[in-house]
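Colleague: My questions concern the predicted model and sequence given below.
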Amino acid sequence: MLNLQHIDSAWTLFLDRDGVINEEKEDSYIFHYGEFRFYEGALEALQRFAEVFGHIVIVTNQRGVGKGLMTVADLQNIHDQMVGAIIARGGRIDRIYFADSLDNAHPLRKPQPGMAHAAQKDLPAIDFTKCVMVGNNISDMEFGRNAGMYTVFLRTTSPDQPLPHVSIDMAFNSLYDFAKHLRPA
């Protein structure tokens, strides 16, 4: 069982992006930073996470790139500006991984754990038994489970998700709500 009071700098936080850090664009994609909107409290939550977790990693499926609706450079620009805003508020993101494949079975596409293994290769201190995956979809939770992580479900886009659920360890209303439950730094 996940005890939030035991999380310290030996732990890694994995975050989905859309619907977790920023508002999802219904039935579409975020094509440029002008469409990117942080959830209320998300920047404060990311500042708190920077005080607690040793590593913070974003893992995001980005089919808009795979469909040719945006380029990798467009996505990189969104991420660069997002990270700049996070740093300006005292937070940090150590790595960002994305899957642009349209094939649901692709090893990098959630719920497959490929992005987690890529992060562990780049950051060898990652111990999946000391990782938390935060997301707003069951595929995020299955990604976490498939890599051996704890999972935290955010009700941001699916407030009626039935609980308990085999893939969900804990659920919160928002990223900020989750951050408030971590031990004091």
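Modeller: Great, that's in hand. Residues are numbered from 1 along each chain as shown.
Colleague: tell me, which helix in the protein spans the most residues?
Modeller: helix 72-88 (DSSP state H).
Colleague: in that one, what counts as buried?
Modeller: For helix 72-88, the neighbour count (16 or more other C-beta atoms under 10 Å) marks D74, L75, I78, H79, M82, V83, A85, I86 as buried. The C-beta positions use only the backbone N, C-alpha and C, and glycine is treated the same way.
Colleague: so what secondary structure elements neighbour it?
Modeller: Here helix 72-88 touches helix 42-52, helix 63-66, strand 95-99, going by 3 or more C-beta pairs under 8 Å, 6 or more residues apart in numbering; DSSP states H and E.
Colleague: Can you name every helix or strand that the second one contacts?
Modeller: Okay, so that is helix 63-66. Counting by 3+ C-beta pairs under 8 Å, 6+ apart, helix 63-66 packs on helix 72-88.
Colleague: got the CA coordinates for the helix it packs on in PDB?
Modeller: Only the C-alpha atoms of helix 72-88 are listed here, as PDB (Å, rounded to 0.1, in the frame of the first residue of the first chain):
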ATOM      1  CA  VAL A  72       7.900  17.200 -33.200                       C
ATOM      2  CA  ALA A  73       9.200  20.800 -33.300                       C
ATOM      3  CA  ASP A  74       5.700  22.000 -32.400                       C
ATOM      4  CA  LEU A  75       5.500  19.600 -29.500                       C
ATOM      5  CA  GLN A  76       9.000  20.500 -28.300                       C
ATOM      6  CA  ASN A  77       8.000  24.200 -28.400                       C
ATOM      7  CA  ILE A  78       5.000  23.500 -26.200                       C
ATOM      8  CA  HIS A  79       7.200  21.500 -23.800                       C
ATOM      9  CA  ASP A  80       9.900  24.100 -23.700                       C
ATOM     10  CA  GLN A  81       7.400  26.900 -22.800                       C
ATOM     11  CA  MET A  82       5.600  24.600 -20.300                       C
ATOM     12  CA  VAL A  83       8.900  23.700 -18.500                       C
ATOM     13  CA  GLY A  84       9.900  27.400 -18.500                       C
ATOM     14  CA  ALA A  85       6.700  28.300 -16.700                       C
ATOM     15  CA  ILE A  86       7.200  25.500 -14.200                       C
ATOM     16  CA  ILE A  87      10.800  26.500 -13.500                       C
ATOM     17  CA  ALA A  88       9.700  30.100 -13.100                       C
END
